[in-house]
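Undergrad: Need a 3D model of the following:
(2 chains)
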Protein chains: 2
Amino acid sequence: LSDNFLSKAKIKWIRSLQHKKYREEMNQFVIEGEKMVKEALNDASLEIVLLASTECLSYSNNVGEFYQIDQQTLKQISSLTTPNKSLAVINKRKTAINHYPKLVLAVDGVQDPGNLGTIIRTADWFGIQVIICSFDTVDCYNQKVLQATMGSWNRVQIEYHSLNDILPQLNKPIYGALLNGTPLQKTTLTHEGILVVGNEGQGISNAVEAIVTNPISINGFGGAESLNVAVATGILLHELTKVS
Amino acid sequence: LSDNFLSKAKIKWIRSLQHKKYREEMNQFVIEGEKMVKEALNDASLEIVLLASTECLSYSNNVGEFYQIDQQTLKQISSLTTPNKSLAVINKRKTAINHYPKLVLAVDGVQDPGNLGTIIRTADWFGIQVIICSFDTVDCYNQKVLQATMGSWNRVQIEYHSLNDILPQLNKPIYGALLNGTPLQKTTLTHEGILVVGNEGQGISNAVEAIVTNPISINGFGGAESLNVAVATGILLHELTKVS
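TA: Residues are numbered from 1 along each chain as shown, chains lettered A, B, ... in the order given. Modelled structure (predicted):
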């Protein structure tokens, strides 16, 4: 088609989605890279608003608009230093799971996109379907978060709430990953619960610590002051999913 | 002192240590940032060849040369986008532990500096004193690795070897983290052993897999294809250190 090119307005719109503010205003986000876009194209439940690629992609999924673009245009719309073939604009999902499953993960103030992405991937590995993040946790639609999930971004439902408001309403034991909690080996874990993990430097905030019913710690034997938050999440989910 | 400035030759030498080749030739490496340098200054067993800082630091440790420098010089010698006050050149340690402890971690081809750094930090948390890396694992003196260890770089001895040559000599069970190993819950772990973890994408190489005596897997329940290697290391060290 002769008019099959990306207009300046569309380029501006795609670029604006690199900012959380616009992602929230429009309820849309961007995924990038050949692998991620192909995964999305294989998921019929996703609403792909726009697809742009330097390759001619075939797909059975419903795609709003498709643009075959050159490398220069890809560089213009990409947030990656090394853009990789394809990019898609996607509508955020509406909440699919309205009841909370037995085991829920809550993230309190994690800042590093790589850490949140790895936490999402780890949760997916252990079959966690819902993650509740505090408002000050990094946005899960941040491109670095999406990339670090290694494909799990599309399998875990992520919500942002005030943890103090929502967690007590779930009526489950609230396990908090703390440096001075009860050692894991001395804790009897239940098959139902919420696991709360905290910020990289500060841990769980004071306000959220106040609603933790079961503070737990991972036994350490060496000199390190703490564990990386994604590593700690992995160990605790491993223990909690053993029980169920 | 009037001649207390960094010569061009010294700047060149410090910058050259950003490359593995020169770190190996000179048996030296660089640490950066206020916190890391202060930790090093508190460790009398480290040989600090040169210290440069925008602040006047006091220290009791033996320091070869000290230069108070301006921000511009710091930028010249730093590998960080946001240099942070201090930098030091350190002599690599000679091997301190000649006997291998009961539990040893082996790293086969991990490429990402952040992952290796987090693995070192995790090992330190669990009291692992020696890590053996394959030659194709990222260099542990890479600045990004050092930063990601969060201070543990100085507490764990890291050696580079051919894993196929050295591991069988240790006469311990060799646990390999594999996707198709025996599920952790069905394995009886011993208090002595070597845990081998592999490359981010490929896992443990075929050659090293051949010497694994106990292939193990972490039970997963969700859609993720694999766990991050540092997260997997954390879960497996958690299980192995429970036994001892």
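
Undergrad: Could you tell me which residues of chain A lie near chain B?
TA: Chain A comes close to chain B at residues A:114, A:118, A:121-128, A:150-152, A:155, A:185, A:218-228, A:230-235, A:238, A:241-242, as judged by CB under 8 Å from any CB of the partner chain. In short, each C-beta sits where N, CA and C put it, glycine included.

Undergrad: Taking the centroid of chain A, which residue is nearest it?
TA: residue A:140 (4.1 Å; CA atoms, centre = their mean).

Undergrad: I figured it hits residue A:132, correct?
TA: No - if you go by CB atoms under 8 Å, residue A:140 and residue A:132 don't touch, sitting 11.2 Å apart.

Undergrad: Quick check: what element follows whichever strand in chain A runs longest along the chain?
TA: Ordering each strand of chain A by length in residues (DSSP state E) puts strand A:174-183 first. The helix or strand immediately downstream of strand A:174-183 is strand A:193-198, counting by DSSP states H and E.

Undergrad: next one: that next one to chain centre, how far?
TA: In this view, strand A:193-198 has its centroid 15 Å away from the chain centroid, taken as CA atoms, centre = their mean, to the nearest Å.

Undergrad: strands paired with it, and their directions?
TA: strand A:103-108 (parallel), strand A:174-183 (parallel) (DSSP bridges).

Undergrad: So for residue A:78, which of those sits nearest?
TA: Residue A:78 lies closest to strand A:103-108 among the strands paired with strand A:193-198, at 27.3 Å (CB to CB).

Undergrad: In terms of secondary structure, what does the very next helix or strand once past the closest one contact?
TA: Once strand A:103-108 ends, the next helix or strand along the chain (criterion: DSSP H and E) is helix A:113-125. Where contact means 3 or more CB pairs under 8 Å, 6 or more residues apart in numbering or on different chains; DSSP states H and E, helix A:113-125 is packed against strand A:103-108, strand A:130-134, helix A:143-148, helix A:229-243.

Undergrad: Just name the most buried of those.
TA: Mean neighbour count (mean count of other CB atoms under 10 Å in any protein chain shown) peaks for strand A:103-108 among the helices and strands packed on helix A:113-125, with a mean of 25.

Undergrad: pull the CA atoms of that strand into CSV?
TA: Extracted C-alpha coordinates of strand A:103-108, given in CSV (Å, rounded to 0.1, in the frame of the first residue of the first chain):
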residue,chain,number,x,y,z
LEU,A,103,-0.6,-17.8,47.2
VAL,A,104,0.0,-14.2,46.3
LEU,A,105,3.2,-12.2,46.0
ALA,A,106,3.4,-8.6,47.1
VAL,A,107,6.2,-6.3,46.1
ASP,A,108,6.9,-3.3,48.3
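
Undergrad: Give me the contact list for it.
TA: A:116, A:119, A:123, A:128, A:130-134, A:137, A:163, A:167, A:170, A:172, A:174, A:191-199, A:204-205, A:208, A:233, A:237, A:240-241, A:244 (CB atoms under 8 Å, 6 or more residues apart in numbering or on different chains).

Undergrad: what's the offset of that strand from the middle of its chain?
TA: The mean C-alpha position of strand A:103-108 is separated from the chain mean by 12 Å, CA atoms, centre = their mean.

Undergrad: Below-threshold pLDDT in chain A: ranges please.
TA: Scanning chain A for pLDDT under 70 picks out A:1-3, A:244.

Undergrad: Show me which positions of stretch A:72-91 end up buried.
TA: Residues of stretch A:72-91 classed as buried by neighbour count (16 or more other CB atoms under 10 Å in any protein chain shown): A:73, A:74, A:76, A:77, A:78, A:83, A:85, A:86, A:87, A:88, A:89, A:90.

Undergrad: where's the fifth one relative to residue B:23, distance?
TA: Look at residue A:78 and residue B:23: by CB to CB, to the nearest Å, they are 34 Å apart.

Undergrad: can you check the last one too?
TA: When distance is defined by CB to CB, residue A:90 is 44 Å away from residue B:23.

Undergrad: Narrow the contacts of strand A:103-108 to just the buried residues.
TA: The neighbour count (16+ other CB under 10 Å) marks A:116, A:119, A:123, A:128, A:130-134, A:137, A:163, A:167, A:172, A:174, A:192-199, A:204-205, A:208, A:233, A:237, A:240-241 as buried among those.

Undergrad: In contact with the closest residue in space to residue A:118 that isn't next to it in sequence, which residues are there?
TA: Among residues not flanking residue A:118 along the chain, residue A:230 sits closest, at 3.9 Å (CB to CB, 6 or more residues apart in numbering or on different chains). Contact partners of residue A:230, counting by CB under 8 Å, 6+ apart, are A:115, A:118, A:119, A:122, B:228, B:230, B:231.

Undergrad: Which of these sits closest to residue B:46?
TA: residue B:230 (25.5 Å).

Undergrad: quick one on the thing from earlier: quick one: which helix or strand includes the residue nearest to the centre of chain A?
TA: Here residue A:140, judged by DSSP H and E, is contained in no helix and no strand.

Undergrad: any idea which helix or strand carries the closest residue to it other than its chain neighbours?
TA: Excluding the flanking residues, the one nearest residue A:140 by CB to CB, 6+ apart is residue A:158, at 4.5 Å. Secondary structure from DSSP H and E places residue A:158 in strand A:157-161.

Undergrad: okay, the angle between that strand and strand A:103-108?
TA: Put simply, strand A:157-161 runs at 50 degrees to strand A:103-108, going by axes from the mean of the first three to the mean of the last three CA atoms, to 10 degrees.

Undergrad: neighbouring strands for strand A:157-161, and are they parallel or not?
TA: Paired neighbours of strand A:157-161 in the sheet (DSSP bridges): strand A:130-134 (parallel).

Undergrad: Tell me how far the residue nearest to the centre of chain A lies from residue A:20.
TA: Distance, residue A:140 to residue A:20, by CB to CB: 10 Å.

Undergrad: swap in residue A:28?
TA: From residue A:28 over to residue A:20 the distance is 12 Å, taken as CB to CB.

Undergrad: Those two: which is more packed in?
TA: residue A:28 (20 against 13; other CB atoms under 10 Å in any protein chain shown).

Undergrad: Turn the strands paired with strand A:193-198 into JSON lines, columns for distance to residue A:41.
TA: Formatted as JSON lines, the strands paired with strand A:193-198 follow (distance: least, CB to CB, whole Å):
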{"stretch": "strand A:103-108", "distance to residue A:41": "28"}
{"stretch": "strand A:174-183", "distance to residue A:41": "37"}
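
Undergrad: Out of those strands, flag the one nearest residue B:59.
TA: For residue B:59, the closest of these is strand A:174-183, at 28.9 Å, according to CB to CB.

Undergrad: in the closest one, what's buried?
TA: Neighbour-count burial for strand A:174-183 [16+ other CB under 10 Å]: A:174, A:175, A:176, A:177, A:178, A:181.

Undergrad: What distance do you get for the second one to residue A:184?
TA: Computed as CB to CB, the residue A:175 to residue A:184 distance reads 10 Å.

Undergrad: Please apply the same query to the third one.
TA: Distance, residue A:176 to residue A:184, using CB to CB: 12 Å.
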